[in-house]
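[1] missing the sequence, but the structure's below:
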C-alpha cells in the first residue's frame, strides 16, 4: 500500500501486514500513521487525500464553533483507536476557505469520508465516539 506522509507528503510503500507496526516515512523519518488527526491546508489537501492509501475522514471545523470544540477530543480519541484502518485529518474552514467551498461545506462540524481520493460519505454535526465509530463502520 502507498501512504502519503502527513508531515512531508512523500509517498511511502508499506506492506498491508505492517500497517500496525508504526511505519515511518523513508524521507523524513516521522510516523506515517501517527494516531492523531493531520492538519491539512489548501496546499496539502489534494495530495494527501489522493495518496493517503487508507480511507481518510476529514473534519471541517472552525475555532469559533462550539460543537467543533466539543467534538475535537472525540475525533482525537477515535483517530488513535483506528490509526491503522482510517486516516484522520482536519481542515480549518477559516484558514482554508477554498477547500471548504470546493467541498460545499455549509455547516460545521462536517465530516467527509474519502476513499481513493473520492468522497463516499458525509455527515454534519458533533457526535460521540460510539456514534462516530458506528458511522465509519457503516461506510
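    In hand now; what should we look at? Note that the coordinates shown come from a computational prediction; the quantities given were computed from them, not determined experimentally.
[2] check which helices and strands the helix or strand hosting residue 46 sits against.
    Using DSSP states H and E, residue 46 maps to helix 45-50. Judged by 3 or more Cβ pairs under 8 Å, 6 or more residues apart in numbering; DSSP states H and E, helix 45-50 is in contact with strand 2-4, strand 38-40, strand 56-61, strand 87-92. All C-beta spots, glycine's among them, are computed from the backbone N, C-alpha and C.
[3] check which residues of it are buried.
    45, 48-49 (16 or more other Cβ atoms under 10 Å).
[4] kindly report the same for stretch 72-84.
    Of all the residues in stretch 72-84, those buried under the rule 16+ other Cβ under 10 Å are 72, 74-76, 78-79, 82-84.
[5] just stretch 98-117 next, same as before
    Those would be 99-100, 103, 105, 108-114, for stretch 98-117 by 16+ other Cβ under 10 Å.
[6] tell me which of the helices and strands packed on helix 45-50 sits nearest to residue 15.
    Nearest to residue 15, of all those, is strand 2-4, at 10.9 Å by Cβ to Cβ.
[7] can you list contacts of the closest one?
    Residues outside strand 2-4 that contact it (Cβ atoms under 8 Å, 6 or more residues apart in numbering) are 10-14, 23, 32-33, 47-48, 50-54.
[8] closest to residue 1 out of the residues you listed?
    Using Cβ to Cβ, these come closest to residue 1 at residue 53, 4.6 Å.
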